[in-house]
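Asks: got a predicted model here, sequence first, then my questions.
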Amino acid sequence: MFREISALRIFMKSRANGGFGHDNVIKMCDVIEMHGNICVVMPKLKMSLDDAVQSKVLDRHKKVNIAHGLLSALCFLHDNGMIHRDVKSANVMLDDKCLVQLIDFSLAKLIPTKTIDNRKRTHTPDVGTACYIAPEVYRKQPYGFKADAYSAGVVLLEMFSGEKLGTDRDKAAITLVQKKKDNLPGNDKPVPALLRALLEEEPKDRLTVREVLGDSSVDLDEKRDTIRKTITKLWSKNKFPNAPPAEEQRIIEQALSSLVDVAEDVDALSKKNQKRSKSQLTLLRIKKACSVLESESEATERAAIRYAKSTEHVIGDEAIQPEHCVLLAMKMNEDDIPGLEESIEVLSYECNDIRYDIDEYLAAEKKIFECMNYCLFVNPTVPKTHGKKKNKGADSRR
């Protein structure tokens with residue numbers, strides 16, 4: 001719930017309406033609380049692509065429009081450092097005009113774009129839906145944005161062929177997809193070229209969604225460049241422009257800053273010439289909890305600090321403990337996390353002689369979420385600064 005609402009909160013309004021969203025990404029209308037539960041208000045849409053494929057109501061023109069809409073949505077997310085991780089036909093909704101709306105961000109994650117090279121693990125294995133997950137995910141190998149590209153390829157394969165894969169087992173699905181890919185016509189035809197480019201078994205051979213949308217800013221080898229040019233003919237024929245520059249689409253820093261106006265850097269909690277201030281003690285407790293729980297993600301400490309900063313006005317019985325902030329930050333940012341009961345027991349034993357309670361933590365989770373304006377993501381590209389001394393005069397430049 002926290003992950004999905006956080007993602008949708010970023011893209012709540014379209015850019016045409018003063019927001020940061022994309023025409024092909026679902027817009028959240030509101031977040032409300034009913035009977036103690038946080039609920040999301042969403043627009044009503046006509047049908048899922050899964051239903052449309054099975055009812056065979058799509059002509060070729062609509063299929064091409066849907067393909068471009070889905071790929072455009074993913075290109076926008078990837079340009080902003082967000083990986084969806086559950087692209088499937090049931091998560092591609094269509095409105096009355098067959099305009100694509102990508103939904104279900106419950107597995108979405110923000111990741112540093114500089115590390116997305118498919119060599120460094122970017123997030124938890126074993127996510128996604130059977131038959132749509134990429135081979136590298138199934139094999140528990142490092143993966144990144146190209147895993148979304150493969151999943152989109154499976155979605156488009158089902159749509160253009162007009163039939164579901166007919167298996168819910170990952171290994172069987174991968175074998176079947178590769179067999180169907182090998183039986184496609186040559187790369188001189190745009191649709192087969194598109195499907196083949198997205199469904200390559202090895203990530204290094206697979207094109208990104210930006211590349212299949214015609215972005216020529218990245219140099220490709222002759223074979224893959226020919227495939228890209230062939231696919232571009234499909235978009236040109238249907239009067240779709242090439243993908244806009246990534247710099248034009250990147251709005252994540254501005255969007256996150258607009259939601260909660262608190263400092264993101266580690267130094268923000270420490271003020272010069274203040275000995276053992278409350279802020280400094282909070283920072284020390286966050287660092288210790290990250291160490292005790294063996295945090296590995298650079299974003300965890302930064303997120304915990306942001307959560308602590310946004311809740312520092314909460315006092316009394318509802319006051320948020322720094323360790324609560326770390327637990328929630330780990331949930332949002334770590335690849336592998338221990339169970340909640342185990343984590344709380346470790347914190348109770350190792351940190352400050354305080355006995356932490358699960359119910360207390362769950363209440364803190366909700367309060368942090370509210371104080372963060374219902375978005376728990378932090379910018380993944382901000383460098384970690386602990387252990388570094390500030391340059392002289394740094395305070396004067398802030």
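Replies: Received, thanks. Numbering: from 1, shown residues only.
Asks: could you list the low-confidence segments of the stretch 151-300 of the chain?
Replies: Residues of the stretch 151-300 of the chain meeting the criterion pLDDT under 70: 260-276.
Asks: how close does Lys109 sit to Ile368?
Replies: 18 Å (C-beta to C-beta, to the nearest Å). Glycine gets a C-beta too; all of them are placed from N, C-alpha and C.
Asks: Asp182 now?
Replies: On the measure of C-beta to C-beta, Asp182 and Ile368 end up 50 Å apart.
Asks: could you do Ala243 as well?
Replies: Counting by C-beta to C-beta, the gap from Ala243 to Ile368 is 36 Å.
Asks: please apply the same query to Ile227.
Replies: With C-beta to C-beta as the criterion, Ile227 and Ile368 are 47 Å apart.
Asks: now do Asp30
Replies: From Asp30 to Ile368 the distance is 20 Å (C-beta to C-beta).
Asks: the two - which one has more neighbours?
Replies: Taking neighbours as other C-beta atoms under 10 Å, Asp30 and Ile368 compare with Ile368 leading, 24 against 10.
Asks: just the helices in the stretch 251-398 of the chain please.
Replies: For the stretch 251-398 of the chain, applying DSSP state H, counting those that start in this stretch gives helices covering 252-259, 278-292, 298-310, 322-333, 340-350, 358-371, 394-397.
Asks: for the record, mean pLDDT for the shortest one?
Replies: For helix 394-397, the mean pLDDT works out to 39.
Asks: before we move on, what about the fourth one?
Replies: Mean per-residue pLDDT for helix 322-333: 92.
Asks: tell me the angle of it relative to helix 340-350?
Replies: 140 degrees (axes from the mean of the first three to the mean of the last three C-alpha atoms, to 10 degrees).
Asks: how far does helix 322-333 sit from the chain's center?
Replies: Put simply, helix 322-333 sits 18 Å off its chain's centre (C-alpha atoms, centre = their mean, to the nearest Å).
Asks: who does it touch, helix- and strand-wise?
Replies: helix 2-10, helix 278-292, helix 298-310, helix 340-350, helix 358-371 (3 or more C-beta pairs under 8 Å, 6 or more residues apart in numbering; DSSP states H and E).
Asks: list the contacts of that helix.
Replies: 2-3, 6, 109, 282, 285-286, 289-290, 293, 295, 297, 299-301, 303-305, 307-308, 311, 337, 340, 343-344, 347, 351-352, 354, 356, 360-361, 364-365, 368, 376-377 (C-beta atoms under 8 Å, 6 or more residues apart in numbering).
Asks: mind redoing it with 6 Å?
Replies: Here helix 322-333 makes contact (C-beta atoms under 6 Å, 6 or more residues apart in numbering) with 282, 285-286, 289-290, 297, 299-300, 303-304, 307-308, 337, 343, 347, 351, 361, 364-365, 368, 376.
Asks: same deal with the first one?
Replies: Applying C-beta under 6 Å, 6+ apart, the external contacts of helix 252-259 come out as 10, 20, 80-81, 373, 375, 379.
Asks: now with 10 Å?
Replies: Helix 252-259 is contacted by residues 6, 9-13, 19-21, 77, 79-82, 110, 113, 251, 264, 306, 310, 372-375, 377-382 when judged by C-beta atoms under 10 Å, 6 or more residues apart in numbering.
Asks: send me that helix as CSV with only the CA atoms.
Replies: Presented in CSV, the C-alpha positions along helix 252-259 are these (Å, rounded to 0.1, in the frame of the first residue of the first chain):
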residue,chain,number,x,y,z
ILE,A,252,11.3,13.3,-10.1
GLU,A,253,13.4,15.7,-8.1
GLN,A,254,11.0,18.6,-8.6
ALA,A,255,8.0,16.3,-7.9
LEU,A,256,9.4,15.0,-4.6
SER,A,257,10.4,18.4,-3.4
SER,A,258,6.9,19.7,-4.0
LEU,A,259,5.4,17.1,-1.7
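Asks: check which residues of that helix are buried.
Replies: 252, 255-256, 259 (16 or more other C-beta atoms under 10 Å).
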